[in-house]
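**Q** turn this into a structure:
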Amino acid sequence: MKRLIFTFMMCVFAIAINAQTMQDSYNVENTSKDELWRRAKEFCLSRHDFTLNATTSDKEIGVMVFNVEKEDRHFSTYSELSIGFTAKVKIENNKYSVEIYDGTFSLKPTSQAMGDLSFMPSEVLAMINDELTFIKDTYDDKTIDGLKISLSVYKQMQSENPKYRKPKDEKKGKVNYWWEYYQKKIDRTERVINSYKYAASDFRHDLLTKMLNANE
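**A** Numbering: from 1, shown residues only. Below is the predicted model:
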């Protein structure tokens, strides 16, 4: 029954939420289009934390489009997260804009999570199991927009389950299973979404640094 309700709510939220796009424009005074183009090309070739794959590079119309990937090396001890998105850079005289969209993510277990766990304490085993379950639950998703829909559904489902079923449960610290179940999903989902936001912000910052200073 809960699965049926969840599926229905996913459809409702899918209609209600549109794709998210991040867009910013920057003025770079006394800098020609040619010079800004050169700096953007230099940025592509420079060393940074991103993997860039240019899909469009048209100097005449001043547009570059990249597929961008970044590994989140601090996401979790037991799962590895890779963030991806498309970045469109439009260049004109004295200014440029960057648009980030089509966010994606990829999760996989670390070698530690898939190794010999026989010596692990039960608390750690439970944590690893939660991580692997989350990876399984998001396997068919892969998009940040889809993950945001899931987050909205998790929060709605959690709101229908009180943290404590009875007053005496609160005194005993006995948390409602379903409230805790959705809380774990909410926490992990928000971590992935925040990692995407940080990656997009880092990309904009690194590009801005290069575009403002030819010597960087």
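**Q** which pLDDT does the model give the residue of the chain most remote from its centre?
**A** Centroid-distance maximum for the chain: Lys168 at 39.2 Å, with C-alpha atoms, centre = their mean. Listed pLDDT for Lys168 reads 90.
**Q** from now on call the first residue 31
**A** Shifting the count to begin at 31 puts that one at Lys198.
**Q** for Lys172, what are its contacts?
**A** By C-beta atoms under 8 Å, 6 or more residues apart in numbering, the contact set of Lys172 is 134-136. Backbone N, C-alpha and C define where each C-beta goes, glycine included.
**Q** need those residues in CSV with secondary structure and distance to Ile121, can you?
**A** Listed next are the contacts of Lys172 as CSV, based on DSSP: H, G, I helix; E, B strand; the rest coil; distance: C-beta to C-beta, whole Å:
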residue, secondary structure, distance to Ile121
Thr134, strand, 25
Phe135, strand, 29
Ser136, strand, 30
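**Q** may I see the ChimeraX selection of the buried members of those?
**A** Buried residues among the contacts of Lys172 (16 or more other C-beta atoms under 10 Å), as a ChimeraX selection:
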select :134,135
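**Q** and which of the contacts of Lys172 is nearest Tyr228?
**A** Phe135 (12.4 Å; C-beta to C-beta).
**Q** give me the beta-bridge partners of the closest one?
**A** Ile113 (DSSP bridges).
**Q** name the residues of stretch 222-230 that are buried.
**A** 222-223, 225-227, 229-230.
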